[in-house]
Structures are given as C-alpha cells and as structure tokens.
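Enquirer: Quick one, fold the following:
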Amino acid sequence: MPGPTLFFSTLMSDEARSIARGVEKRDPDLLDRLIERYQYRLFRYLVYVTGNKDRAEDFFQETWIRVLERGHQYDGKSKFEAWLFAIARHLVIDWQRSKKPQSLDTLTDPHQEHPLQLANENDPSPLHQILSQEQEENVQASLEKIPAIYREVLVLRFQEELQIEEMVGVLGIPLSTVKSRLYRGLEALRGALQRGPA
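Expert: Just a heads-up that it's a prediction; the model follows:
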C-alpha cells in the first residue's frame, strides 16, 4: 500500500491534470474557482512587486486573461499556482522593460521613482508568526531596505509558501540560484534588522 506522501502527491498531480484539462477547454466554472482560490495571494504578490495597488489590479486582470489565452501551455506537471505566478511575474518584467531599460532583477535602488514596496498585510504569514508583534513593523521596514531580488524570493518562500522547486518555475532561474538568493536574502534581512530603523 502506498504511503501517505505518495498518496498525497498522486492527489496533487491528479488535481493539476484536471486543472490543465479545464483551463485548456476554457471552462468558466473552473476559472471562477481558480480566481476565488488564488485571487488574494496573486493580488498580494503583484502589490509587492509593483509597489502600486492600481497597477497591481491591472496586472491581476491581465494575468487571468493570459491564463485563458495560454491555457493550452499548462500541462499539469507542476502546481497551477507556480505557473500562475510565473505569468504574473513575466507581465511585470515586460512592463518594467518597456518603462525603463531594466528588469525586475535590477530594481534595487530605493531612491527610484517607484521603488518596490511591501504592502501592509493584516493576515499573519509563517514569517510573521515566528516574530513577536513588536518586531513585525521593524521586519516590514527592513524588508524594504534589502535588494528587490532578495525581497522577492523571501516573499515567495515565506509569505506565499511556495516550495523552492516551485520558485524555480516562477522565477525562471536555476535551483542553485534560488537557494543562493534565499540565503543571501535572509542574511540581508538579518543585517537590516540588526541595524534597526534608519
């Protein structure tokens, strides 16, 4: 008899394949369920990476349009949310490239016109749960001080709870680079926390 882990992964892959078939057929009921399930996480992620709520709303709508247009590209071999976040991220990168000759990875200057900002979230995340209430504000401020490439991996891993392998698909970078950015991001955050508010 298969163990619980194997059983769970089989259930997950069955669900992913079912979503893949539905998305390819543009099933409106499935799309409604997917939007309901992922709307909060997707919108929060877009606010984080754009630093602008109105812009995030535009990207949110555009992401779901792309899901409809490119449903045939999702094969169900990975989690749907990893594919979804990758679409959203590419939209933001394309927008950044058209606005200025730079990519999301280069948005590290806190003095730029629209620096990447983290939204204030009331819902606790795994990252927030391990911190006392007094430190939470300090962590948010410290996150804003670290480079965007590190901030993004910390948000995906601890706020959105994506596995490292899923982050590879979202970010389109090698596993070793994801691990390196996570390590460096945590070090940068620790340093920013130790320095305290400027």
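
Enquirer: Next, the closest residue in space to Val49 that isn't next to it in sequence: secondary structure please.
Expert: Counting by Cβ to Cβ, 6 or more residues apart in numbering, Val49 lies nearest to Val92, which is 5.3 Å off, once chain neighbours are set aside. Glycine gets a C-beta too; all of them are placed from N, C-alpha and C. Here Val92 takes the helix state, with states given by DSSP: H, G, I helix; E, B strand; the rest coil.

Enquirer: What's the local residue count around Val92?
Expert: When neighbours are defined as other Cβ atoms under 10 Å, Val92 has 22 of them.

Enquirer: repeat for the one 5 residues further on
Expert: As a burial measure, Arg97 scores 12 neighbours (other Cβ under 10 Å).

Enquirer: And the helices in this structure?
Expert: Here the chain has its helices, by DSSP state H, at 4-24, 28-50, 53-69, 80-99, 126-129, 133-145, 148-154, 164-171, 175-195.

Enquirer: most tightly surrounded among these?
Expert: Greatest average neighbour count among those goes to helix 148-154 (a mean of 22), per mean count of other Cβ atoms under 10 Å.

Enquirer: What average pLDDT does that one get?
Expert: Per-residue confidence for helix 148-154 averages out to 86 on the pLDDT scale.

Enquirer: picking up where we left off before, could you verify my assumption that the residue nearest to Val49 touches Phe59?
Expert: Yes: using Cβ atoms under 8 Å, Val92 is in contact with Phe59, at 6.2 Å.

Enquirer: any shared contact partners between those two?
Expert: When contacts are counted by Cβ atoms under 8 Å, 6 or more residues apart in numbering, Val92 and Phe59 are jointly contacted by Leu46, Thr50.

Enquirer: Distance check, the nearest residue to Leu171 once chain neighbours are set aside against Val155.
Expert: With Cβ to Cβ, 6+ apart as the measure, Val178 is the residue that lies nearest to Leu171, at 6.5 Å, once sequence neighbours are left out. Val178 is 13 Å from Val155, where distance means Cβ to Cβ, to the nearest Å.

Enquirer: on that earlier part again, which residues does the residue nearest to Val49 contact?
Expert: By Cβ under 8 Å, 6+ apart, the residues touching Val92 are Leu46, Val49, Thr50, Phe59, Leu104.

Enquirer: With Met167 instead?
Expert: Ala82, Val153, Leu156, Arg157, Val178.

Enquirer: Kindly indicate which of the residues you listed lies nearest Glu187.
Expert: Val153 (12.2 Å; Cβ to Cβ).

Enquirer: Tell me the spacing between the closest one and Leu143.
Expert: Distance, Val153 to Leu143, by Cβ to Cβ: 12 Å.

Enquirer: what does Asp29 give?
Expert: With Cβ to Cβ as the criterion, Asp29 and Leu143 are 38 Å apart.

Enquirer: Likewise for Arg26?
Expert: The gap separating Arg26 from Leu143 is 38 Å, by Cβ to Cβ.

Enquirer: same deal with Lys179?
Expert: Separation of Lys179 from Leu143 (Cβ to Cβ): 19 Å.

Enquirer: Mind splitting this structure into its structural domains?
Expert: Residue ranges for the structural domains of the chain, counted by automatic domain parsing, are given in the record as 1-111, 118-198.
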